[in-house]
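*Asks:* Could you look at this predicted model? Sequence included:
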Number of protein chains: 2
Amino acid sequence: MVIFDGKKLADKILIGLKNEIDPWPKKPNLAVVSFGRKEENSSYIIQKRKTAEFLGLGFQHYHYSNEAVSNEREYLNKIAGMEKNSAVVVQLPLAEGINYSILNAIPAEKDPDLLSDKAVGLFFNGRSLVRPPTAAAILMIFDESGIPLRNKRVALFGYGRLVGRFLTPLLIEKGAVVTVLEKNAPREVVLDISSKADIIVSAVGEPGLITADMVKDGAAVVDAGFSIVSGKITGDVDFNSVKDKTSFITPVPGGVGPVGVAELFANVIELFKLSNKKQHR
Amino acid sequence: MVIFDGKKLADKILIGLKNEIDPWPKKPNLAVVSFGRKEENSSYIIQKRKTAEFLGLGFQHYHYSNEAVSNEREYLNKIAGMEKNSAVVVQLPLAEGINYSILNAIPAEKDPDLLSDKAVGLFFNGRSLVRPPTAAAILMIFDESGIPLRNKRVALFGYGRLVGRFLTPLLIEKGAVVTVLEKNAPREVVLDISSKADIIVSAVGEPGLITADMVKDGAAVVDAGFSIVSGKITGDVDFNSVKDKTSFITPVPGGVGPVGVAELFANVIELFKLSNKKQHR
């Protein structure tokens, strides 16, 4: 059984990116925007800042407290409109009362997280500029680990905004047979589908959701869940009981997460390259 | 076993729409645009024209032959920009060499078929103005026929632009457990999934794809396939062998098709109402 090392793959991706952009006279600049209480998403933002520093990218964090905010769309328009901000990411989930349509202030050319309607539409119409980072990270993990998808049965737990809904067509495109299971699905159906799956991907955010009885001997299990339990980051998979049944498993932390961050930065750099190409046309 | 009567449900929907709009002084106007050889899609267009006439809507068909065309986007921009055209539909598939991005000339407010990136993005972001007509028709067929979706296993054959990719999230939202099967999936996986499915939906366009051995006794089978074989319209389901195993089946022609057309016109009318509300605000 292989325990996947997400940090190692992420470092490989990031070093490749760093080597690519090091000679560039002008570097991409990532703007991260957050609304609401600052501490809620600070660990994500610290991680992005560190990665930007490693790569030598520009980085700005714009934070608006709940009290200060009533024109989120206007703020976002201004940030997205600044020429130096080549990419804009908004920390999700948005605080209650903020409409997700504000994300449309980010043009697809500056949207490495596929947050706007336009970017999502381009993706589902098969013409996306870049791939959604976490879903792309999961595909890359399969690819780098030599896990084939064609004709494989995949049990996909969760159909959320950032992973499940994007991963479904990407897996189908690779020839996998995908069943989407939400956490309220009947137990006997879940067991029947899951215990026959060659691959289980979970992106629900419910610790302990995936238990050993749900896993076929030799299956590959990818955990894209993220929860905080007693101050500790934890995934959806009951790692200790599940791991011995698998041929391959990704831990949390240190699995999908770091690769997803690396893929986000790969998108930031790809969008910067595309916009320069366009300007030079 | 019930053989669904799509014409009957479509007529019910259309009569309801007609009663609603009859008193309106100003009526919606549907523009249908086709590129390429005219005869290829004329039956679709005749059906839309007839339905528009029944409802008392305005209807225009703009046709551009392949030879005449090099600026499809420009043509479409002009048609979509005309105030009188409250809705614009382009016949798909587009002829070879025409980029699907031309569909972005249609603003979401005039896009009853969800053809543009923007409309597709709004749909997948859960804020669509209207529902994709064929997928909406299939949900309506379940609803009108008293077929529950919650906790049911659905085998969905096909993940195409107009049906499968839209139907997947709509079924998941209703609490169904959905497995997407493409036509090249391994036979033993297809049989295992399909023969346990409470509901089979097929939208592939391959006659004879769904055979009796794939169907559980008492399952509901919805055929959204469309092919022409020896001049006759045919679905994906081997109707004669399958029907006796089912509790419910939709025929082709006369099943999903007419309901889909009715739902398209429901969208044309809904978008017209939304735009008037906006103007009167």
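*Replies:* Received it, and whenever you're ready, just let me know what you need.
*Asks:* how about the residues of the stretch 51-200 of chain A that lie near chain B?
*Replies:* Counting by CB under 8 Å from any CB of the partner chain, the stretch 51-200 of chain A comes close to chain B at A:100-101, A:116-122, A:124-125, A:127, A:151, A:153, A:159, A:161, A:165, A:168-169, A:172, A:175, A:177-182, A:184-186, A:189, A:192-193, A:196. In this view, the C-beta of every residue, glycine as well, is placed from N, C-alpha and C.
*Asks:* same thing but 7 Å
*Replies:* A:100-101, A:117-118, A:120-122, A:124-125, A:127, A:151, A:153, A:159, A:165, A:168-169, A:172, A:177-182, A:185-186, A:189 (CB under 7 Å from any CB of the partner chain).
*Asks:* ok, of those, which come out buried?
*Replies:* Restricting those to buried positions leaves A:100, A:117-118, A:120-122, A:124-125, A:153, A:159, A:165, A:168-169, A:172, A:177-182, A:185, A:189, with burial counted as 16 or more other CB atoms under 10 Å in any protein chain shown.
*Asks:* now, which of these lie within strands?
*Replies:* Counted as lying in strands by DSSP state E, out of these, are A:153, A:177-181.
*Asks:* Kindly indicate which of those residues lies nearest chain B.
*Replies:* If you rank these by distance to chain B using CB to the nearest CB, residue A:179 comes first, at 4.1 Å.
*Asks:* Map the structural domains onto the sequence of chain A.
*Replies:* Following automatic domain parsing, one gets these domains for chain A: A:27-108, A:133-257.
*Asks:* Now render these as TSV, adding distance to residue B:245 and mean pLDDT.
*Replies:* Below are those laid out as TSV (distance: least, CB to CB, whole Å; pLDDT from 0 to 100):
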stretch	distance to residue B:245	mean pLDDT
domain A:27-108	44	90
domain A:133-257	21	97
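*Asks:* Let me know which of these is tucked in deepest.
*Replies:* Most buried of the domains of chain A, by mean neighbour count (mean count of other CB atoms under 10 Å in any protein chain shown): domain A:133-257, with a mean of 20.
*Asks:* what are the ranges of the strands in chain A?
*Replies:* Secondary structure of chain A by DSSP E: the strands cover A:2-3, A:29-35, A:58-64, A:87-90, A:153-157, A:177-181, A:199-202, A:220-223, A:227-229, A:232-234, A:248-249.
*Asks:* who does the second one touch, helix- and strand-wise?
*Replies:* Taking 3 or more CB pairs under 7 Å, 6 or more residues apart in numbering or on different chains; DSSP states H and E as the contact definition, the neighbouring helices and strands of strand A:29-35 are helix A:42-55, strand A:58-64, helix A:72-81, strand A:87-90.
*Asks:* Could you export these to CSV, including columns for distance to residue B:35?
*Replies:* Below are the helices and strands packed on strand A:29-35 laid out as CSV (distance: least, CB to CB, whole Å):
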stretch, distance to residue B:35
helix A:42-55, 45
strand A:58-64, 45
helix A:72-81, 35
strand A:87-90, 36
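*Asks:* Format the strands of chain A as JSON lines; extra columns: distance to residue B:145.
*Replies:* JSON lines is the format used below for those (distance: least, CB to CB, whole Å):
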{"stretch": "strand A:2-3", "distance to residue B:145": "48"}
{"stretch": "strand A:29-35", "distance to residue B:145": "45"}
{"stretch": "strand A:58-64", "distance to residue B:145": "50"}
{"stretch": "strand A:87-90", "distance to residue B:145": "43"}
{"stretch": "strand A:153-157", "distance to residue B:145": "29"}
{"stretch": "strand A:177-181", "distance to residue B:145": "24"}
{"stretch": "strand A:199-202", "distance to residue B:145": "34"}
{"stretch": "strand A:220-223", "distance to residue B:145": "38"}
{"stretch": "strand A:227-229", "distance to residue B:145": "40"}
{"stretch": "strand A:232-234", "distance to residue B:145": "44"}
{"stretch": "strand A:248-249", "distance to residue B:145": "44"}
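*Asks:* Out of those strands, which gets nearest to residue B:4?
*Replies:* Minimum separation from residue B:4 across these (CB to CB) falls at strand A:177-181, 25.8 Å.
*Asks:* Remind me what the closest one packs against, helices and strands.
*Replies:* In this structure, strand A:177-181 makes packing contacts with strand A:153-157, helix A:164-173, helix A:187-194, strand B:177-181, judged by 3+ CB pairs under 7 Å, 6+ apart.
*Asks:* Recalculate using a threshold of 6 Å.
*Replies:* In terms of contact count using 3 or more CB pairs under 6 Å, 6 or more residues apart in numbering or on different chains; DSSP states H and E, strand A:177-181 is assigned the packing partners strand A:153-157, helix A:164-173, strand B:177-181.
*Asks:* Can you get me the start-to-end distance on stretch A:239-256?
*Replies:* By CA to CA, to the nearest Å, the extent of stretch A:239-256 from end to end equals 14 Å.
*Asks:* before we move on, back to that, looking at the strands of chain A, spot the one closest to residue B:109.
*Replies:* Of the strands of chain A, nearest to residue B:109 by CB to CB is strand A:87-90, at 25.3 Å.
*Asks:* The closest one: partners in the sheet, and parallel or antiparallel?
*Replies:* Applying DSSP bridges to the sheet, strand A:87-90 is found paired with strand A:29-35 (parallel).
*Asks:* The strand it pairs with vs helix A:72-81, what angle?
*Replies:* Angle, strand A:29-35 to helix A:72-81, by axes from the mean of the first three to the mean of the last three CA atoms, to 10 degrees: 170 degrees.
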